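K.L.:
okay, predicted coordinates and the sequence, questions at the end:
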Amino acid sequence: VQLQASGGGLVQAGGSLRLSCAASGGTFRRYDMGWFRQAPGKEREFVAAIRWTGGSTYYADSVKGRLIMSRDNAKNAMYLQMNSLKPEDTAVYYCAAGKFGAYTYWGQGTLVTVSS
């Protein structure tokens, strides 16, 4: 499975962005999916995840109520709607696919920069 993340950019604090992750080369609908991020000088951290069965979503406490993850199995894509962005959301965002909590496939990352 190949993953391609896109949609990053520069936005002011309080603004919104929508990240996309396009998948190819596999049975997308059978994979759990996740978003992770890595800020400069920090380790990669979990942001959000969605199950392939039932579509349950999970979020890091730091993004609850502001970020919304969704998937469209018909389009082999998933999304991360990011609202009320804060400077501390600045990071490279990665999409991942595989088994929940143990993802096998990773995208190349897309940079989100939130200015204050």
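P.N.:
Received the coordinates, thanks.
K.L.:
which residues touch stretch 5-24?
P.N.:
For stretch 5-24, contacts defined as CB atoms under 8 Å, 6 or more residues apart in numbering pick out 1-4, 31, 33, 35, 75-87, 92-95, 97, 107-116. In short, each C-beta sits where N, CA and C put it, glycine included.
K.L.:
which of those count as buried?
P.N.:
Buried subset of the contacts of stretch 5-24 (neighbour count, 16 or more other CB atoms under 10 Å): 1, 3, 31, 33, 35, 76-80, 82, 85, 92-95, 97, 107, 109-110, 112, 114.
K.L.:
of those residues, which belong to helices?
P.N.:
Assignment to helices by DSSP state H places none of these there.
K.L.:
tell me who's in contact with the spatially most central residue of the chain.
P.N.:
With distances taken as CA atoms, centre = their mean, the residue of the chain nearest its centroid is Trp35 (3.1 Å). Contact partners of Trp35, counting by CB under 8 Å, 6+ apart, are Leu19, Cys21, Val47, Ala48, Ala49, Met69, Leu80, Tyr93, Tyr94, Cys95, Ala96.
K.L.:
if I look at it, how far off is Gln12?
P.N.:
Per CB to CB, to the nearest Å, Trp35 is found 21 Å from Gln12.
K.L.:
do the same with Arg44
P.N.:
25 Å.
K.L.:
those two - which one has more neighbours?
P.N.:
Counted by other CB atoms under 10 Å, Arg44 and Gln12 do not tie: Arg44 has more neighbours, with 14 against 10.
K.L.:
the more buried one contacts Arg37, doesn't it?
P.N.:
Yes. In terms of CB atoms under 8 Å, Arg44 counts as a neighbour of Arg37; the distance is 7.0 Å.
K.L.:
and for those two, which residues touch both?
P.N.:
Here Arg44 and Arg37 share the contacting residues Tyr94, scored by CB under 8 Å, 6+ apart.
K.L.:
alright, that wraps it up for me.
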